[in-house]
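**Student:** Sequence below, structure please.
(2 chains)
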Amino acid sequence: MKKFITIKDAMKKGTGDVHIRGWVYRQRASNKFVFIVVRDESDIIQCVIKKEKSPEIYEEAVKLTIESSIELSGVIKEDERAPTGYEIQVKELNIFQIAEPFPITQDQSTEFLLDNRHLWLRSRRMTAILKIRHTVVGAIHDFFRKRGFYEFDAPVFQPSMSEGGATLFEVKYFKDKVYLSQSWQLYAEAGIFALGKIYNVGPTFRAEKSKTSRHLTEFWMCEMEAAWMKLDGAVQLAKDEIRFILKRVLRDNKQDLEILERDIKLLEKYAKVKYPTIKYADALKLLNEEYVMDVPWGKDLRTLEEAKIAEHFQCPVVVTHYPTDIMGFYKPPSPENPKEALCFDMLAPEGYCEIVGGSERSLLVDNMMERLKAEGEDPQNYDWYFDLRKYGSVPHSGYGVGLERVVSWICGIDSIKDAIPFPRTMLRKTP
RNA sequence: GGGUCGGUAGCUUAGUUGGUAGAGUGCUCGGCUGUUAACCGGGUGGUCGCACGUUCGAGUCGUGCCCGGCCCGCCA
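**Tutor:** Okay, here's the model as predicted:
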């Protein structure tokens, strides 16, 4: 019985007989040789067949097309002429299927690759990104579990909004209607009274009409909520989490970062340095004085301004105390200055901007009701939420990390669409 | 929602003042080679996004629509 191993393991072995299987990545044939570069989930390797030595295998191998599925046995050895430094002299070849001509060739447009995402997933680029995404999610689970957080799930069908009514996806629910989750948060605020410190990695749906390289309508948000935690505690936790994620990726995905041609030195710096925290008001001062911009107090920071701030510090930056008026109803006014809210965003450098958003949670029921009304919401829909403020209310905080934004930044990729296997945006819902 | 750029062969694209659509790549056939996104030669391949209009004549000009990329707003 043959024992098949991954290409990576075969190269680790380095000598002797190996059995591998995978898909044809490249094939070059002449009338003396066939070179097959085989791909599996771990790496690629060049395999060579000499007509003189094994004419039967040669005849079979000549017919191979890109993405044909095969298994083969042979002798592996180091060879500096091979693309990944090792080569297999093929002794046995078993073809499962000769693939039809693969539609993705050397000429590719973004649109075509998105239309063929089900096939483009196999590219070295997508594979590398997906592996990094895997590491990031795993790191998040480890980070929170090590710190005593419980995993807690919220419903995806929700009766009301948490982040603004205009961006809800409506779903028919028998004879009624509900909305897809915009956030885990309101339910998490119920969960902390049972479990204290909780977290979650889950899908989030926002019908924002944003057609940018930083927006998806369906994305994965990694959120946390903790009883007794104040703003500074949440900020510190978010910084620790991001550094923890970076360290994990640097430990586990060097090869993938290289495939993506990411500046590893830069990521190492992000994993090490302390991230500054500045207040919104100081951010404005910085923008207006050092960069001769003209941002009035009370306006949310725009992408351009966020990018400037992160560029100034050359690492992720936390901005706190945004104007209360432009923030969600659950973000509390600061006791020292009610015009400022006890909230924060973390801005990633290199133009990736907002990757984390969070806050202390308001305990002021009257104030929240006012603000909901001002947004055109019926506070009655939030009865259960306000109940939480009646039965042993405690200070608490939470934040959400945009998974695809973090993955995009770490991978250094141009579009957030590549940070998820099958992206959903305002203009793309297939395949 | 606003702005902007684009849609020509399976894919990537060129196309001048409006005058019978051209290349690369793929596929295919042949040649050659320890090949490296191999190379050389032959062949194959088009309802120029859709509709209407202007014109003797529209890929090219006009109007409307459809589809997509990016930027802004909004957000993670």
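
**Student:** can we go C-alpha only for contacts and neighbour counts from here?
**Tutor:** Fine.

**Student:** Per the annotation, how does chain A divide into domains?
**Tutor:** A:7-97, A:115-419 (automatic domain parsing).

**Student:** Nearest to A:Leu427, out of those?
**Tutor:** Each of the domains of chain A was checked against A:Leu427 via C-alpha to C-alpha, and the shortest separation belongs to domain A:115-419, namely 7.8 Å.

**Student:** ok, now which ones touch the residue of the stretch 101-250 of chain A found nearest RNA strand B?
**Tutor:** As assessed by C-alpha to the nearest atom of the strand, RNA strand B sits closest to A:Ser210 within the stretch 101-250 of chain A, at 2.9 Å. Under the criterion of C-alpha atoms under 8 Å, 6 or more residues apart in numbering, the contact partners of A:Ser210 comprise A:Met426.

**Student:** quick one: secondary structure of it?
**Tutor:** Counting by DSSP: H, G, I helix; E, B strand; the rest coil, the backbone at A:Ser210 sits in coil.

**Student:** Quickly note the distance from it to A:Gly400.
**Tutor:** Distance, A:Ser210 to A:Gly400, using C-alpha to C-alpha, to the nearest Å: 19 Å.

**Student:** Show me what from the stretch 151-300 of chain A comes close to RNA strand B.
**Tutor:** With C-alpha under 7 Å from any atom of the strand as the criterion, the stretch 151-300 of chain A meets RNA strand B at residues A:206, A:208-219, A:221, A:299-300.

**Student:** Sorry, slip of the keys, the one I care about is the stretch 1-150 of chain A.
**Tutor:** So the stretch 1-150 of chain A meets RNA strand B at A:26-33, A:35, A:48, A:65-66, A:79, A:81-83, A:87, A:101, A:103-112 (C-alpha under 7 Å from any atom of the strand).

**Student:** of those residues, buried ones?
**Tutor:** Under a neighbour-count criterion of 16 or more other C-alpha atoms under 10 Å, the subset of these counted as buried comprises A:26-27, A:29, A:33, A:35, A:48, A:65-66, A:82, A:87.

**Student:** could I get those as CSV with pLDDT and secondary structure?
**Tutor:** Formatted as CSV, the entries for those read as follows, by pLDDT from 0 to 100; DSSP: H, G, I helix; E, B strand; the rest coil:
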residue, pLDDT, secondary structure
A:Arg26, 90, strand
A:Gln27, 90, strand
A:Ala29, 85, strand
A:Phe33, 87, strand
A:Phe35, 92, strand
A:Val48, 93, strand
A:Thr65, 90, coil
A:Ile66, 91, coil
A:Ala82, 91, coil
A:Glu87, 94, strand
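
**Student:** buried residues in stretch A:385-397?
**Tutor:** Neighbour-count burial for stretch A:385-397 [16+ other C-alpha under 10 Å]: A:385-386, A:388-389, A:394, A:396-397.

**Student:** again but with stretch A:124-144, I slipped
**Tutor:** Using 16+ other C-alpha under 10 Å as the burial criterion, the residues of stretch A:124-144 that qualify are A:124-133, A:135-137, A:139-141, A:143-144.

**Student:** In helices, which of the residues you listed fall?
**Tutor:** Of the positions in the buried residues of stretch A:124-144, A:124-133, A:135-137, A:139-141, A:143-144 sit in helices, assigned by DSSP state H.

**Student:** Return the residues in contact with the closest residue to A:Arg389 other than its chain neighbours.
**Tutor:** Leaving aside its sequence neighbours, A:Arg389 sits nearest to A:Leu363 (C-alpha to C-alpha, 6 or more residues apart in numbering; 6.3 Å). The contact partners of A:Leu363, by C-alpha under 8 Å, 6+ apart, come to A:332, A:389, A:393-395.

**Student:** in the stretch 301-431 of chain A, which spans are helices?
**Tutor:** Defined through DSSP state H, counting those that start in this stretch, the helices belonging to the stretch 301-431 of chain A, from first to last, are A:303-313, A:365-374, A:383-387, A:403-411.

**Student:** mind checking which of these is nearest RNA strand B?
**Tutor:** For the helices of the stretch 301-431 of chain A, proximity to RNA strand B was assessed by C-alpha to the nearest atom of the strand; helix A:303-313 is nearest, at 4.4 Å.

**Student:** Show residues contacting the closest one.
**Tutor:** When contacts are defined by C-alpha under 8 Å, 6+ apart, helix A:303-313 is touched by residues A:276, A:283, A:286-287, A:316-317, A:347-354.

**Student:** go again using 10 Å as the cut-off
**Tutor:** Outside of helix A:303-313, the residues within contact range by C-alpha atoms under 10 Å, 6 or more residues apart in numbering are A:275-276, A:278, A:283-284, A:286-287, A:290-291, A:293, A:295, A:300-302, A:314-319, A:345-354.

**Student:** Just the buried ones from those residues?
**Tutor:** Listed as buried from those are A:275, A:283-284, A:286-287, A:295, A:300-301, A:314-319, A:345-349, A:351-354; burial here means 16+ other C-alpha under 10 Å.

**Student:** give me the low-pLDDT residue ranges for the stretch 151-300 of chain A?
**Tutor:** For the stretch 151-300 of chain A, the stretches with pLDDT under 70 are A:161-166.
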